[in-house]
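Asker: can you look at this prediction? I've put the sequence above it.
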Amino acid sequence: MLNITITQNEAEFDRVAAWRIIGHMLCDPKALIGLSTGQTTANMYKIITEIYRLHPFDTSAVTLFNVDELTNLPRSYPGCCYTMIRDQLADALNIPDERFIMPPTMSDDFERECRVFQKAIEDRGGIGLQILGLGINGHIGINQPGTPFGSETWVSPMDEIFEARVRRETGVADDYPLGGLTLGIRTIMRARKIILVAKGSKKAEMVEKMLLGPVTEDMPASVLQLHPNCEFLLDADAAARL
Ligand code: GLP
């Protein structure tokens, strides 16, 4: 049985997601929590910071990271995941860099950065909770369709639409290498708990394929059907085709 939660609207979706994350921190003050960036998660992080400001809870041993990061762009680019999570959540929750595991965005050896990132997660006992967004082509993290289910942390190409946007926003040359350092599918599947979050009608078709379609590498998020402890948190618009 898949564990699917459908909220009545976007506001309820944001609130439920925020409380799921806070609840995890309250139950496990030493939690290692993997986050995800994008439009889907921005508002839930805002709600978490508002609740924290009004009713501070213990974050002194919580460790955060993001499931993926852009490569070959400076962290000063506001679209870098380090910067987004710092601005949207980590600063407000007083999480210092020692408890915010992130690969660098610039490196001359990204293969090594992948190993270091993954080992840092493993050394902390593995992922307690992983929040995942759903890409418009079914990607999770930056794992595009066709990524082997056995993949570990690696540098993946981005999807075309996202890459075009990053190029537009940063003004880098067409042949400048861009990619995304991402937890691999197998790395993600080792998380003890996963919450896949998707809202809005533009995700409805992918949600249908993810949940009702076959489990296939052509649809990376479909692998989550096999995870023993994954919740699919959807708003009514994203769930419209179920
Ligand atoms: C990017 C991120 C993913 C995220 C996805 C969804 O591709 N690398 O981790 O899940 O965007 O973005 P949005 O929530 O804006 O639709």
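Answerer: Nice, I can see it.
Asker: distance of Thr83 relative to the ligand?
Answerer: 14 Å (CB to the nearest ligand atom, to the nearest Å). All C-beta spots, glycine's among them, are computed from the backbone N, C-alpha and C.
Asker: run through the neighbouring helices and strands of the top helix by length along the chain.
Answerer: Using DSSP state H, we find that the single longest helix of the chain is helix 10-27. With contacts defined as 3 or more CB pairs under 8 Å, 6 or more residues apart in numbering; DSSP states H and E, helix 10-27 has these neighbours: strand 3-7, strand 32-35, helix 39-54, strand 129-132, strand 194-198, strand 230-235.
Asker: now those in a markdown table, with distance to Ala17, mean neighbour count and mean pLDDT?
Answerer: Below are these laid out as a markdown table (distance: least, CB to CB, whole Å; neighbours: other CB atoms under 10 Å; pLDDT from 0 to 100):
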| stretch | distance to Ala17 | mean neighbour count | mean pLDDT |
| --- | --- | --- | --- |
| strand 3-7 | 9 | 16 | 98 |
| strand 32-35 | 11 | 24 | 98 |
| helix 39-54 | 4 | 17 | 98 |
| strand 129-132 | 8 | 25 | 98 |
| strand 194-198 | 6 | 24 | 99 |
| strand 230-235 | 6 | 23 | 98 |
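Asker: make a markdown table out of those and add distance to Pro214.
Answerer: Below are these laid out as a markdown table (distance: least, CB to CB, whole Å):
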| stretch | distance to Pro214 |
| --- | --- |
| strand 3-7 | 18 |
| strand 32-35 | 26 |
| helix 39-54 | 24 |
| strand 129-132 | 19 |
| strand 194-198 | 17 |
| strand 230-235 | 17 |
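Asker: among these, which comes closest to the ligand?
Answerer: When these are compared by CB to the nearest ligand atom, helix 39-54 sits nearest the ligand, at 3.2 Å.
Asker: the helix or strand following that closest one and the ligand, any residue contact?
Answerer: As assigned by DSSP states H and E, the chain's next helix or strand after helix 39-54 is strand 63-66. No: on the criterion CB under 6 Å from any ligand atom, strand 63-66 is out of touch with the ligand, staying 7.8 Å away.
Asker: which other residues reach strand 63-66?
Answerer: With contact meaning CB atoms under 8 Å, 6 or more residues apart in numbering, strand 63-66 is reached by 30-37, 81-82, 84-85, 89-90, 93, 95, 99-102, 117, 120-121, 124.
Asker: emit the ChimeraX select command for whichever of those are buried.
Answerer: Command for ChimeraX that selects the buried part of the contacts of strand 63-66, burial taken from 16 or more other CB atoms under 10 Å:
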select :31,32,33,34,35,36,37,81,82,84,85,89,90,93,95,99,100,101,102,117,121,124
